[in-house]
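[1] here is the input, now give the coordinates:
(2 chains)
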Number of protein chains: 2
Amino acid sequence: MPITMYDLAGAEADRRFSPFCWRARMALAHKGLAVETVPWRFTEKDRLPQPNQGRVPVIVDDGRVVHDSTAIADYLDDRYADRPSLFGDETARALTRFVQNWTETVLQTGLVRLVVLDIHRHSHPKDQSYFRSSREERFGTTLEEVVKDREARLPAFRASLDPLRRTVERQSFIAGKAPAYADYVVFGAFQWARAISDFELLAADDPVSAWRGRMLDLFDGLARRAPAYGG
Amino acid sequence: MPITMYDLAGAEADRRFSPFCWRARMALAHKGLAVETVPWRFTEKDRLPQPNQGRVPVIVDDGRVVHDSTAIADYLDDRYADRPSLFGDETARALTRFVQNWTETVLQTGLVRLVVLDIHRHSHPKDQSYFRSSREERFGTTLEEVVKDREARLPAFRASLDPLRRTVERQSFIAGKAPAYADYVVFGAFQWARAISDFELLAADDPVSAWRGRMLDLFDGLARRAPAYGG
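    Just a heads-up that it's a prediction; the model follows:
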């Protein structure tokens, strides 16, 4: 029986744009596990299986509910320990946390300030008012105000990718010769932007762009085939 | 026979302040290898054993010369594979590179702009003119100019540590339950500052400060016992 995954969807049911759901989606593919995704919107908190924290991803595996992308990755790696590891050894699992913390404090916080208005634009109509009010409260200003100088902030955003850039300049994946969960965490952020925005985040000759291309190719182009506005 | 390590020294022979040398020093201790350090100054390029790139650390192990801190770590881990690993598995080694690239593009570049004048002040008199001119050329301005607004830049520096902070808030070391080379790389930067500057980089209640304390305690306080101006 395939695993069920509740997956954030935009205006169209097949536009999937949660960075955390993309982490889980890539992790499932890495493990070679079949999945059926259920499109879910921000305002459908009651539709999630219990327990949950009102957010996705949530997976149901043979009746067992696991929520939170980090818990899902740990669960999959432990439950399906006979399949390719998402992490490597215990040291690698700990170091993956550093990459994740960089993604959440630097990459995703930088990205959201570039694309938040695009997210609003491509959210399902029934989500738009919730999305606008919750994000405007968080930013303390309007979504239009957040993104209005994004062209001017683009060089600083690109510079903030230096640790990633230097890494994938020297090795194919963040995790080395082959991709692992650290790659999926970082890639989730780019896939989020790509699904929802046509803003050019990366220069064409950026090594980060080449790495993103390698990620898009994985698993028969799983991420490349997903509906997207970005390149 | 102990390994010999050429180690950057300041005005006093026992003030050792190279972040790259501290990486190697901690790596040697992690491996339980005896070392005799040779104090070395920037302007003593001719005193280094061949081959070298005019920089330290350089080690000599039973006649074999290895230079560059990254090459030294790889050498030690391969040559002394029966001793505790510096990296963990191949995935962990690759992820260590990400931590190293973060250290070199974010942490060290932020730090040097806070402490470069202190480095000059505590360098050996015969190094000071070389140090000043090479660094002023790099920064395109005087050392005094580089550091003059450092108090104002301190909050941004501390914010740049968020990936590290969140990691060591949730686990004892960057590498997990026990320290590994990723910790030594990051710690080398703090030990550099500590050896040469009394500028308060971290708030006392910062989780990064607690982690630094754990690092200072390792190997019978190897790094804590070293001459320092910082806390």
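
[2] A:T109 in helix, strand or coil?
    Following DSSP: H, G, I helix; E, B strand; the rest coil, the label given to A:T109 is helix.

[3] separation between it and A:F157?
    10 Å (C-beta to C-beta, to the nearest Å). For glycine as for every other residue, the C-beta is placed from the backbone atoms N, C-alpha and C.

[4] does any part of the helix or strand harbouring A:N101 sit near chain B?
    Assigned by DSSP states H and E, A:N101 falls within helix A:90-102. Yes: against chain B, helix A:90-102 shows contacts by C-beta under 8 Å from any C-beta of the partner chain at A:E90, A:T91, A:A92, A:R93, A:A94, A:L95, A:T96, A:R97, A:F98, A:V99, A:N101, A:W102.

[5] how about the helices in chain A?
    A:19-30, A:69-79, A:90-102, A:108-122, A:125-139, A:143-147, A:150-160, A:162-170, A:181-196, A:207-221 (DSSP state H).

[6] what sits against A:E151?
    Neighbour list for A:E151: empty [criterion: C-beta atoms under 8 Å, 6 or more residues apart in numbering or on different chains].

[7] confidence score at it?
    pLDDT, A:E151: 97.

[8] what does chain A have sitting close to chain B?
    So far as C-beta under 8 Å from any C-beta goes, chain A lies against chain B at A:85, A:87-99, A:101-102, A:104-106, A:162-164, A:166-167, A:170-171, A:173-177, A:180, A:182.

[9] just the buried subset of these, written out for ChimeraX, thanks.
    Buried residues within the residues of chain A next to chain B, by 16 or more other C-beta atoms under 10 Å in any protein chain shown, are selected in ChimeraX with:
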select /A:85,87,88,89,91,92,93,94,95,96,97,98,99,101,102,104,105,106,162,163,164,166,167,173,174,175,176,180,182
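
[10] rewinding a little: higher neighbour count, A:T109 and A:F157?
    A:F157 (17 against 13; other C-beta atoms under 10 Å in any protein chain shown).

[11] how close does the more buried one sit to A:T167?
    On the measure of C-beta to C-beta, A:F157 and A:T167 end up 17 Å apart.

[12] next one: A:V185
    In terms of C-beta to C-beta, A:V185 sits 13 Å off from A:T167.

[13] show me the contacts for A:S18.
    Contacts of A:S18 (C-beta under 8 Å, 6+ apart): A:D7, A:L8, A:V56, A:P57, A:G188, A:W192.

[14] got a list of what the last one touches?
    Right, the one you point to is A:W192. A:W192 touches A:F17, A:S18, A:P19, A:W22, A:Q108, A:L111, A:V115, counting by C-beta under 8 Å, 6+ apart.

[15] any idea how many residues pack against the last one?
    Counted by other C-beta under 10 Å, the residues lying close to A:V115 total 26.

[16] now do the third one
    Per other C-beta under 10 Å, the neighbour tally for A:P19 reads 24.

[17] just the fourth one next, same as before
    By the criterion of other C-beta under 10 Å, A:W22 has 29 neighbours.

[18] okay, the closest residue to it other than its chain neighbours and chain B: tell me how far apart.
    Spatially, and ignoring its direct neighbours in sequence, A:W22 is nearest to A:G188 (3.8 Å; C-beta to C-beta, 6 or more residues apart in numbering or on different chains). For A:G188, the distance to chain B equals 16 Å [C-beta to the nearest C-beta, to the nearest Å].

[19] you'd agree A:G188 is up against A:R16?
    No: if you go by C-beta atoms under 8 Å, A:G188 and A:R16 don't touch, sitting 10.8 Å apart.

[20] please identify every residue contacting each of the two.
    A:W22.

[21] ok, which pair from the residues of helix A:90-102 next to chain B is furthest apart?
    Maximum pairwise distance among the residues of helix A:90-102 next to chain B (C-beta to C-beta): 19.7 Å, between A:E90 and A:W102.

[22] what's around A:A178, how many residues?
    For A:A178, using other C-beta under 10 Å, the count is 14.

[23] skipping adjacent residues, who's closest to it in space?
    A:S172 is the one closest to A:A178 (C-beta to C-beta, 6+ apart), at 7.7 Å.

[24] show me the contacts for that neighbour.
    A:A178, A:W211, A:R214.

[25] tabulate these (JSON lines), appending pLDDT.
    As requested, these are exported to JSON lines (pLDDT from 0 to 100):
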{"residue": "A:A178", "pLDDT": "98"}
{"residue": "A:W211", "pLDDT": "98"}
{"residue": "A:R214", "pLDDT": "98"}
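
[26] quick check, nearest of those residues to chain B?
    A:A178 (8.4 Å; C-beta to the nearest C-beta).

[27] and the closest one, what are its phi and psi?
    phi -130, psi 150 (degrees, to the nearest 10).

[28] list the helices and strands the helix holding A:N101 packs on?
    helix A:181-196, helix B:90-102, helix B:162-170 (3 or more C-beta pairs under 8 Å, 6 or more residues apart in numbering or on different chains; DSSP states H and E).

[29] any chance of TSV for those, columns distance to A:V66 and mean pLDDT?
    Shown next, in TSV, are the helices and strands packed on helix A:90-102 (distance: least, C-beta to C-beta, whole Å; pLDDT from 0 to 100):
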stretch	distance to A:V66	mean pLDDT
helix A:181-196	15	97
helix B:90-102	23	98
helix B:162-170	19	98
